[in-house]
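Undergrad: build the 3D model from these lines:
(chains A and B)
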Amino acid sequence: EPEVTQTPSHQVTQMGQEVILRCVPISNHLYFYWYRQILGQKVEFLVSFYNNEISEKSEIFDDQFSVERPDGSNFTLKIRSTKLEDSAMYFCASVRDSQGHGELFFGEGSRLTVL
Amino acid sequence: GQQVMQIPQYQHVQEGEDFTTYCNSSTTLSNIQWYKQRPGGHPVFLIQLVKSGEVKKQKRLTFQFGEAKKNSSLHITATQTTDVGTYFCAGGNNAGNMLTFGGGTRLMVKP
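TA: Got it, this is the predicted structure:
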């Protein structure tokens, strides 16, 4: 069964460092998302991406965040200068539908720890 | 902005007992989805409801979408230890394609 894959599974970084989280969405999916989940809390929307551009973004997704699809498969989330409060599990998700509706397929997540 | 609330936050049940989690949105939803997240895992899609008053069943799970499309519930009959996890509702609106997740209900089942 096709799945969304994410790397790394866990990253520890110093405050102020740049971090890139990588995702390979399911190959025939059209909409891609990043969500984050602070430990024990709810899943929060960060950004959606379609046709090589940002479709929607939340207030959390400030200038420190950026997304890119550098090639036909990878979808990356970059945090330029990490803060302590960026520590969370970051989930990539993809949707097959061209409107971004329907089932979200989540990856297993990348746990980011900022020290 | 749109807010989605879920109650209860936690529920301990004895195996075999029923369980219900409730979801309420501050705004009318275009659809609602339910996800299950096992401890240490990622959210896994359970179902999507689109129509006002819709009821769907999956084995022991029953999902409802309210008439006003602002609330939803998930009911599990005769819980099993495999039902353990956090159940999230997630609401969509017509303005875009993002889902707003509720805070989740963590279900613990005692054997």
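Undergrad: quick one: residues contacting A:L115.
TA: A:V12, A:T13, A:Q14, A:M15, A:L84 (CB atoms under 8 Å, 6 or more residues apart in numbering or on different chains). Glycine gets a C-beta too; all of them are placed from N, C-alpha and C.
Undergrad: would you turn those residues into JSON lines with secondary structure?
TA: Formatted as JSON lines, the contacts of A:L115 follow (DSSP: H, G, I helix; E, B strand; the rest coil):
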{"residue": "A:V12", "secondary structure": "strand"}
{"residue": "A:T13", "secondary structure": "strand"}
{"residue": "A:Q14", "secondary structure": "coil"}
{"residue": "A:M15", "secondary structure": "coil"}
{"residue": "A:L84", "secondary structure": "helix"}
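Undergrad: residues in contact with stretch A:47-66: which ones?
TA: Residues contacting stretch A:47-66 (CB under 8 Å, 6+ apart): A:30-34, A:36, A:44-46, A:67, A:69, A:75, A:77-81, A:83, A:98, A:100, B:96-98.
Undergrad: and chain A, which residues reach chain B?
TA: Contact residues (CB under 8 Å from any CB of the partner chain) of chain A with chain B: A:31, A:33, A:35, A:41-45, A:48, A:55-56, A:58, A:91, A:95, A:99-109.
Undergrad: re earlier: need the max-distance pair from the contacts of A:L115.
TA: A:V12 and A:L84 (12.5 Å; CB to CB).
Undergrad: looking at those two, which is more packed in?
TA: A:V12 (13 against 9; other CB atoms under 10 Å in any protein chain shown).
Undergrad: so that one sits against A:T82, correct?
TA: No: judged on CB atoms under 8 Å, A:V12 makes no contact with A:T82 at a distance of 10.5 Å.
Undergrad: on that earlier part again, can you tell me which of the contacts of stretch A:47-66 are in strands?
TA: Among those, DSSP state E puts A:31-34, A:36, A:44-46, A:67, A:75, A:77-79 in strands.
Undergrad: of the residues you listed, closest to chain B?
TA: Of all the ones in strands among the contacts of stretch A:47-66, A:F45 has the smallest distance to chain B: 4.7 Å, by CB to the nearest CB.
Undergrad: please, which helix or strand holds the residue nearest the centre of chain B?
TA: For chain B, the residue nearest the mean C-alpha position is B:C89 (4.0 Å; CA atoms, centre = their mean). Assigning secondary structure by DSSP states H and E places B:C89 in strand B:85-92.
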